[in-house]
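> Predicted structure and sequence below. I'll ask about it afterward.
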Amino acid sequence: MADASFKDAPKKPSPDGLDRPDGAGAQDSDDWSWAGPGLRQGRLRVRTLIAQRWLTVAGQSVTVLLCGLVLDRQIPYALCFSLIALSAWLNVLIGLASTGQRLARDVEATAQIAFDILQLSGMLYLTGGVYNPFSLLLIAPVTLAAATLPARYALGLGVLAVIATIVLAFVYMPLPVAVGVPPPRPEASLLTGIVAARILGIVVTGLYAWQAATESARMELALNVTETVLAREQRLSALGALAAAAAHELGTPLATISVVAREMARGAPDEQTREDAELLIGQAARCREILQRLTEMPEAQDAVHERMSLTQLVHEIIEPHMIHGVRVEAVVNGPSGESAPDVWRRAEVIHALTSIVENAVDFARSEVIVIARFDPRSILIEVRDDGPGFSPEVLAKLGEPYVTSRPGAEGSRTGHIGMGLGFFIAKTLLERTGAAVDFRNGRRGGAVVAARWPRPAMEAPGFIGV
């Protein structure tokens, strides 16, 4: 059990009812591998880009007027308002050409953000270059790109902003000052510090936004996968209840068919009619047997089958994995003379623990043991294997999404190819049921994953009449 990857390939229901990998058949083939396997970031709406550009137009207009009219600075009004008008004109064209609710394509969003960087650089060129305090605003479009665009586009915009910063350090019009005041002449050391600070701000802020957006999207995807698993289990439970209702409703007409068929067999005028009546009797009996099996399914008798003994639980967990050439055993321990308690049958617990056992089988040398312990205060289930154990790198990150060292299908006993979401999903499911999840390497080698619940959280109280 050297990693934290299990049955984790994200799936979503398709219109035909089949589960397919998330995104299969999608028309968009943009490269989003920077954000993790199968991960898609949210994109920018055209309306968002238009709104932030109108905000920029308003802010630049107010700033130019404030500096020129209130602070009495020598501002090149014609050139400044020409650049501002260029942004407004672009916004009008985009607004007329497309619906604001439409998602902007990556190339389209990149082009618009690049325009914003160049337009702001032009404004800074007219008003002092990097010495203008508003040169800090070059960080804003890079941050937006890092949070919403693929890495190659965000990197390109970051490089464009850095180049603009360097150029503005040497090519610019004098910083606007009051009438009669000579423009300042900064020292070379000050210029170097300003440029370095601007570039560092662009790089650090962009990387921070990219990392935060990536982790947020990964967590969202992993939680969506978890919800999909639970929704599937709920659909299966609903189907069980529907089968029970159908069995109940169909019982009466089948009994009627059987009675009528027997009467037909007794009074059959010829051999062919008698054989047909006996066929009806046999088929009706077969339908009753099928319905009887349906009524015996756990979903059909909630009062009884929503609970199971702790022993039954661990055996149900290991049963799917006893065919892979590894010895898989279950052991139940408790206080002397006390029988194993009944626990609630929970889809979350069964799915999570089954996934953990599957992971152990993949990495075990020859043996996997599932140990269930109970006492008056808690119930503990441990999964142990005799494999190489967790590597230090994996152990330090277990519980986070996309942590895996699972081999490919050809090196896996179960044939499962992991994405690194499995342990995150299993841990999330178990913690939602009140479990404290622990993972470590055993003293004698191998990996150990343990889940401990307060006994009241798992135990199904006894009920009268059963």
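Great, that's in hand.

> helices or strands up against the helix or strand hosting Gly282?
Using DSSP states H and E, Gly282 maps to helix 271-295. On a contact count with 3 or more Cβ pairs under 8 Å, 6 or more residues apart in numbering; DSSP states H and E, helix 271-295 meets helix 188-266. The way it works is simple: take the backbone N, C-alpha and C, and place the C-beta from them, glycine included.

> Could you tell me how far the helix it packs on lies from the centre of the chain?
Centroid separation for helix 188-266 versus its chain: 9 Å, with Cα atoms, centre = their mean, to the nearest Å.

> do stretch 322-342 as well
33 Å.

> ok, the residue lying closest to Arg377 once chain neighbours are set aside - contacts?
Nearest residue to Arg377, sequence neighbours excluded (Cβ to Cβ, 6 or more residues apart in numbering): Arg455, at 5.8 Å. When contacts are counted by Cβ atoms under 8 Å, 6 or more residues apart in numbering, Arg455 touches Pro341, Phe374, Asp375, Pro376, Arg377, Ser378, Ile379.

> now Arg455: how far from Gly434?
10 Å (Cβ to Cβ, to the nearest Å).

> and if you look at Ala222?
Relative to Gly434, and taking Cβ to Cβ, Ala222 is found at 20 Å.

> For those two, indicate the residue with more neighbours.
It is Ala222, of Ala222 and Gly434, that has more neighbours when counted by other Cβ atoms under 10 Å, with 24 against 13.

> Check the contacts of Arg455 for burial and list the buried ones.
Pro341, Phe374, Ser378, Ile379 (16 or more other Cβ atoms under 10 Å).

> In those, find the pair that's most separated.
Pro341 and Ser378 (11.1 Å; Cβ to Cβ).

> so where do the strands sit in the chain?
Using DSSP state E, the strands found in the chain span residues 11-13, 19-21, 307-309, 327-333, 342-344, 367-374, 378-385, 436-441, 447-454.

> Reformat these into TSV and put mean pLDDT next to each item.
Output for the strands of the chain, formatted as TSV (pLDDT from 0 to 100):
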stretch	mean pLDDT
strand 11-13	39
strand 19-21	37
strand 307-309	87
strand 327-333	91
strand 342-344	90
strand 367-374	93
strand 378-385	94
strand 436-441	90
strand 447-454	93
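
> can you redo the ones you listed as TSV with distance to Gln101?
Listed next are those as TSV, based on distance: least, Cβ to Cβ, whole Å:
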stretch	distance to Gln101
strand 11-13	23
strand 19-21	27
strand 307-309	50
strand 327-333	53
strand 342-344	45
strand 367-374	52
strand 378-385	48
strand 436-441	42
strand 447-454	45
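
> Out of those, which is closest to Ala169?
That would be strand 19-21 among the strands of the chain, by Cβ to Cβ, at 49.4 Å.

> quick one on the thing from earlier: save the buried ones among the contacts of Arg455 as a markdown table, and put in distance to Ala347 too.
Listed next are the buried ones among the contacts of Arg455 as a markdown table, based on distance: Cβ to Cβ, whole Å:
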| residue | distance to Ala347 |
| --- | --- |
| Pro341 | 20 |
| Phe374 | 21 |
| Ser378 | 22 |
| Ile379 | 18 |
